[in-house]
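Colleague: sequence and predicted model, in that order:
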Amino acid sequence: MTPWFFGYGSLVNRATHRYPQAQRATLNGWRRVWVRTELRDVVFLSIQPAKGHSIDGLIASVPNADWGALDLRESGYARINATPHVSHDAPAISVAAYQVPTEHRRHGGDHCILLSYLDVVVQGFVREFGEAGAQAFFETTDGWETPIFDDRAAPRYSRAQSLNATERALTDDLLAQVQQRQ
């Protein structure tokens, strides 16, 4: 059986990967969260169990069960079994998700969210789920008190994408809304 993964952040943006058979899915009983680790100065977008919650994303197959490239891309994360939590339209499959292990998480520090990374995530959600999907991304993610580092002029995120003015404005508007609620 070909394994699949559930992407809930940058992997929702198909322009950042070339995994076949990508399709929409929902991870039930989980929320996204921005987390700090000792591994880097910017935060990771991770997931954590949250009874009664769900998040949208994409599942995609991992050809020949070759996890090497994806594990490298997702270094700092642990691959976990998400099969019983994922709703999708694919045939019977096994699904993994990536989560920052608890032992790597830390509190405090001056970690930040790269705006170039957030732009990629929002662009992916808009393309897959429309503006309502982008709004839902913000609503189903915790940790928005984390500072934002505006690196749009010189992106530090390795898979940064070009955004048009409308896409940038949407990210800015949604970010402003969630920060006002903090």
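Modeller: Great, that's in hand.

Colleague: whichever strand or helix holds Phe6 pairs with which strands, and in what direction?
Modeller: Using DSSP states H and E, Phe6 sits within strand 4-7. If you go by DSSP bridges, strand 4-7 pairs up with strand 44-61 (antiparallel), strand 95-99 (parallel).

Colleague: residues touching Arg36, list them.
Modeller: The contact partners of Arg36, by CB atoms under 8 Å, 6 or more residues apart in numbering, come to Val43, Phe44, Arg105, Arg106, His107, Gly108, Gly109, His111, Thr146. The way it works is simple: take the backbone N, C-alpha and C, and place the C-beta from them, glycine included.

Colleague: the second one touches Glu38, doesn't it?
Modeller: No - under the criterion of CB atoms under 8 Å, Phe44 makes no contact with Glu38, lying 11.3 Å away.

Colleague: show me which of those two is the more surrounded one.
Modeller: A side-by-side neighbour count of Phe44 and Glu38, using other CB atoms under 10 Å, places Phe44 first with 23 against 10.

Colleague: distance of that one relative to Thr37?
Modeller: Plainly put, Phe44 is 6 Å away from Thr37 if you go by CB to CB, to the nearest Å.

Colleague: overlap in contacts of those two?
Modeller: Residues touching both Phe44 and Thr37 by CB under 8 Å, 6+ apart: Gly76, Val100.

Colleague: secondary structure class for Val178?
Modeller: For Val178, the assignment made with DSSP: H, G, I helix; E, B strand; the rest coil gives helix.

Colleague: I'd say it and Phe138 touch.
Modeller: Yes - in terms of CB under 8 Å, Val178 counts as a neighbour of Phe138; the distance is 4.7 Å.
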